[in-house]
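Engineer: Okay, here's the prediction I keep looking at, along with the sequence it came from:
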Amino acid sequence: MKIINFQTLSVIDIALLSTILLAFIIQLYYLLGYYLKLSRKKNTSANPNPNQVTIILPVRNEEERIREIITKFEEQQFTDFQLLVINEYSEDNTYQILNVLAETNPRLKVTSLSQETRYSGKQAMNIGLKGASSPWVVVLTPFSGTINPEWLAKLNSIITPETEAVIAYTNVERTKGFRNLICRIERFHQFVISGAWTLAGKPFVFNENNILFQKSMYFDTLGFRHKLNHNFANLELIFNENFKKGKVKITTDPTMAVRERIEDDRGDHIRLLKKSVQIRQSLSWSKKLGLFTDDLTRLLLPILSAIVIFIHPEYWITFAALPFIHLTVLLIIVKILLNRLNERKIFLSSFAFFLIKPIINWWFIWSMYLIHRRSRWN
């Protein structure tokens with residue numbers, strides 16, 4: 001390994017070297033201070049006196065599956081819950097079947113949106129939260145697959161007197177196909193980012209489902225008022241506005257994870273990305289700056305290292321070491337988190353996705369900006 005002779009370097013060379021070193025230090029700060037904390041997070045129980053919970057479940061045109069959807073909650077070990085099903089203007093017999101099921105199921109409560117309107121998703125959630133009889137609420141979708149019988153009991157056991165929300169993992173069920181793979185990777189990436197920031201004292205989420213939270217959080221901030229024009233994000237906007245340091249718990253326990261069954265729709269990943277961009281843009285400036293800095297330095301470190309090695313190949317060992325250390329630590333953290341969350345068959349693809357995701361984020365931010373600008377002038 002040849003020792004760097006700084007006297008022979010130009011000002012541009014020194015600026016490049018300084019930028020590489022700074023990017024490396026910043027990346028180590030995020031990897032060790034944020035992501036490593038999530039990978040080492042211990043899942044503990046603290047609540048000996050569980051709280052009553054309302055499960056909110058919006059459904060639409062689920063006549064063929066509605067009995068199966070309701071039945072899966074009967075297997076829960078925790079029984080002090082209300083299942084509030086919101087019928088979103090179904091055009092089949094979903095609502096009639098729900099009313100019949102409610103006659104013999106004391107935990108089941110049914111309400112309905114009578115017609116399709118703008119912002120119907122937010123209206124359905126508003127109706128559900130108003131109708132919830134419990135101070136604690138968790139939202140699921142009708143596409144949730146098999147739910148562990150310990151799911152609700154374990155979620156409840158994490159609550160402490162200071163807790164306002166408990167975040168658990170949500171992803172899609174593994175099936176064949178590239179679109180399923182990319183959606184799984186995107187959901188995993190979103191959970192890792194929000195989980196790492198939450199443990200670092202800057203909590204936010206990308207997904208409203210499988211989060212146990214205090215109902216008062218919604219009503220204390222006037223619900224969706226001034227947020228109706230957000231087409232993709234719903235309760236995430238409320239959470240990210242109200243989550244406070246030390247008040248939010250997160251778990252990587254796979255028994256509390258929920259996996260959703262989705263169709264092979266080419267638009268699923270696009271909607272996830274647009275929702276992610278919309279949520280990022282709604283965050284506080286400190287969080288947006290932190291996320292941007294993490295993204296930028298993750299890209300700059302390998303790119304600038306390659307440039308310097310090309311210009312000064314005699315120093316290649318020195319400047320290959322920094323991105324190698326960074327990539328090795330990131331690889332280990334991704335592997336640990338995949339194991340803890342019981343994710344399979346996405347190790348290398350998830351690792352590669354972490355490296356290219358900043359480019360994807362910036363592309364969608366720019367695209368959505370252009371669309372918004374054109375629609376404003378038309």
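Structural biologist: Great, that's in hand.
Engineer: which stretches of the stretch 51-200 of the chain form strands?
Structural biologist: 53-59, 81-88, 108-113, 136-139, 165-167, 170-172 (DSSP state E, counting those that start in this stretch).
Engineer: and the nearest residue to Ile167 once chain neighbours are set aside, how many neighbours does it have?
Structural biologist: Counting by CB to CB, 6 or more residues apart in numbering, Ile250 is the residue found nearest to Ile167 once chain neighbours are left out, at 4.4 Å. Where C-beta positions appear, they are placed from N, C-alpha and C, glycine not excepted. As a burial measure, Ile250 scores 23 neighbours (other CB atoms under 10 Å).
Engineer: do Pro203 as well
Structural biologist: Residues near Pro203, counting by other CB under 10 Å, number 25.
Engineer: Check what pLDDT it gets.
Structural biologist: Listed pLDDT for Pro203 reads 96.
Engineer: My guess is Glu260 contacts Thr141. True?
Structural biologist: Yes. Taking contacts as CB atoms under 8 Å, Glu260 lies within contact range of Thr141: 6.0 Å.
Engineer: Report the set of residues contacting both of the two.
Structural biologist: Asn209 (CB atoms under 8 Å, 6 or more residues apart in numbering).
Engineer: Restrict stretch 32-40 to CA atoms and write it as PDB.
Structural biologist: Taking Å, rounded to 0.1, in the frame of the first residue of the first chain, the C-alpha atoms of stretch 32-40 are listed here in PDB:
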ATOM      1  CA  LEU A  32     -23.800   2.500  13.900                       C
ATOM      2  CA  GLY A  33     -26.000   5.100  15.600                       C
ATOM      3  CA  TYR A  34     -29.200   4.300  13.800                       C
ATOM      4  CA  TYR A  35     -29.400   1.100  11.800                       C
ATOM      5  CA  LEU A  36     -27.300  -1.000  14.200                       C
ATOM      6  CA  LYS A  37     -29.600  -0.100  17.100                       C
ATOM      7  CA  LEU A  38     -32.500  -1.500  15.200                       C
ATOM      8  CA  SER A  39     -30.700  -4.700  14.300                       C
ATOM      9  CA  ARG A  40     -29.800  -5.200  18.000                       C
END
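Engineer: Contacts for it next, please.
Structural biologist: So stretch 32-40 is contacted by 192, 195-197, 199-200, 250, 252, 329-330, 333, 336-337, 340 (CB under 8 Å, 6+ apart).
Engineer: Filter those down to just the buried residues.
Structural biologist: Neighbour counting by 16 or more other CB atoms under 10 Å classes 192, 195-197, 199-200, 250, 252, 329-330, 333, 336-337, 340 among the contacts of stretch 32-40 as buried.
Engineer: For the residues you listed, work out which two are farthest apart.
Structural biologist: Ile250 and Val329 (21.0 Å; CB to CB).
Engineer: Tell me how far Pro302 lies from Leu28.
Structural biologist: Distance check for Pro302 against Leu28: by CB to CB, to the nearest Å, it reads 14 Å.
Engineer: Kindly report the same for Ile359.
Structural biologist: In this view, Ile359 and Leu28 are 22 Å apart by CB to CB.
Engineer: more neighbours, these two?
Structural biologist: Neighbour count, other CB under 10 Å: between Ile359 and Leu28, Leu28 has more, with 16 against 11.
Engineer: got a list of what the more buried one touches?
Structural biologist: His326, Val329 are the contacts of Leu28 under CB under 8 Å, 6+ apart.
Engineer: do the same with Gln82
Structural biologist: The contact partners of Gln82, taken as CB under 8 Å, 6+ apart, are Gln52, Val53, Thr54, Ile55, Arg107, Lys109, Ala132, Ser133, Ser134.
Engineer: out of the residues you listed, which one sits closest to Ile167?
Structural biologist: When the contacts of Gln82 are ranked by distance to Ile167 (CB to CB), Val53 comes first, at 15.0 Å.
Engineer: quick one: average pLDDT of stretch 269-281?
Structural biologist: What stretch 269-281 shows for mean pLDDT is 88.
Engineer: Surely Gln281 and Ile365 touch.
Structural biologist: Yes. Between Gln281 and Ile365 there is a contact at 7.4 Å, judged by CB under 8 Å.
Engineer: More neighbours: which of those two?
Structural biologist: A count of neighbours by other CB under 10 Å puts Ile365 above the other of Gln281 and Ile365, at 16 against 13.
Engineer: so what's the more buried one up against?
Structural biologist: With contacts defined as CB under 8 Å, 6+ apart, Ile365 is in contact with Val277, Arg280, Gln281.
Engineer: and it, backbone torsions?
Structural biologist: With angles defined as degrees, to the nearest 10, Ile365 sits at phi -60, psi -40.
Engineer: got it, and Glu208?
Structural biologist: Torsion angles at Glu208 (phi, psi; degrees, to the nearest 10) stand at phi -80, psi -20.
Engineer: Neighbours of it, how many?
Structural biologist: Neighbourhood size, Glu208 [other CB under 10 Å]: 21.
Engineer: Retrieve the pLDDT associated with it.
Structural biologist: With respect to pLDDT, Glu208 scores 94.
Engineer: Okay, it and Leu17: tell me how far apart.
Structural biologist: Glu208 sits 45 Å away from Leu17 when distances are taken as CB to CB.
Engineer: repeat for Leu28
Structural biologist: In this structure, Leu28 and Leu17 are 17 Å apart, going by CB to CB.
Engineer: re the thing from before, and the buried ones among the contacts of stretch 32-40 as TSV, adding distance to Ala168 and pLDDT?
Structural biologist: Shown next, in TSV, are those (distance: CB to CB, whole Å; pLDDT from 0 to 100):
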residue	distance to Ala168	pLDDT
Val192	14	97
Gly195	10	96
Ala196	15	96
Trp197	16	96
Leu199	14	94
Ala200	19	94
Ile250	8	94
Thr252	9	94
Val329	26	96
Leu330	24	96
Ile333	20	96
Ile336	18	96
Leu337	14	96
Arg340	13	94
